[in-house]
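> what follows is a predicted structure for the sequence shown.
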Amino acid sequence: MKIPATLLMIGLALFTARPALASEYAVGDVLRPLELQNQFETKQTLDSNNKLLIFTRSMAGSKIARTALDGVNAEAMQGIGLIYIADISGMPSLIARLVAIPKMKDFSFPVALDREGQPTKLFPVAEDTAALINLQQLKITQIRYFDDADSLKQALQNSGLSLPASK
């Protein structure tokens, strides 16, 4: 008995199929503590002390976050439990190493960098936005997406972040 090639391919696909991918984090989920390095090669930790997380995965999202945080320093961020994490795994490593990360060293604030994409693969994000995630003991209580810096800046101010006066 001869098995048609298409049937054979379908059978192989069923036996070698990967399990369904887990979906991204949602309100009510608990994040795992995470340790990454920032643009200065200093350890940044996402843990139960964090109450707010800005997360970006795209150039557009990082520009929104960068503009909203312009002039903010690490102490101000720490004061309200804010951490900014950027997934830069989609960026070619040569570009990241020679151009992007050196440019990030001019920022007034730290950016924890996910260079592999694995640690933040389930973090919620909408295309070309910056996500602002409220946390309570690493449990997600709210997720908001911002497609403009002014709105994100206002949300951060409402959360208690002291921002420098506009230029």
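Happy to help now that I have it. Quantities reported herein were computed from a predicted structural model and do not represent experimental measurements.

> isn't F109 right next to L69, touching?
Yes: look at F109 against L69 with CB atoms under 8 Å: they come within range, at 4.9 Å. For the C-beta atoms, the positions are set from N, CA and C on the backbone; glycine is no exception.

> identify the contacts common to these two.
Shared contacts of F109 and L69 (CB atoms under 8 Å, 6 or more residues apart in numbering): M77, Y84.

> these two: which is more packed in?
The neighbour comparison of F109 against L69 (other CB atoms under 10 Å) goes to L69, with 26 against 22.

> what about the residue nearest to G71 when sequence neighbours are not counted, neighbour count?
Spatial nearest neighbour of G71, chain neighbours left out: P164 (3.6 Å); criterion: CB to CB, 6 or more residues apart in numbering. Burial of P164 is recorded as 11 neighbouring residues (other CB under 10 Å).

> residues contacting P164?
So P164 contacts D70, G71, V72 (CB under 8 Å, 6+ apart).

> now the residues you listed in CSV, with neighbour count?
Shown next, in CSV, are those (neighbours: other CB atoms under 10 Å):
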residue, neighbour count
D70, 16
G71, 13
V72, 21
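
> out of the residues you listed, the closest to D148 would be?
Within those, proximity to D148 (CB to CB) peaks at D70, which comes in at 13.8 Å.

> wait, the closest one sits on S108?
Yes: the pair D70 / S108 is scored as a contact, 7.0 Å apart, by CB under 8 Å.

> give the buried residues for the host helix or strand of I54.
Assessed by DSSP states H and E, I54 sits inside strand 52-56. Residues L52, L53, I54, F55, T56 are the ones in strand 52-56 that count as buried (16 or more other CB atoms under 10 Å).

> these two touch, right, the last one and S62?
Just to be clear, that refers to T56. Yes: using CB under 8 Å, T56 is in contact with S62, at 4.5 Å.

> for K105, grab phi and psi.
phi -70, psi -10 (degrees, to the nearest 10).

> and it, what does it touch?
Q39, F40.

> pLDDT score for it?
K105 is assigned 97 on the pLDDT scale.

> ok, now A20?
Predicted confidence (pLDDT) for A20: 42.

> also T120?
So, for T120, pLDDT stands at 97.

> shouldn't it be in contact with F55?
Yes: using CB under 8 Å, T120 makes contact with F55 at a distance of 6.8 Å.
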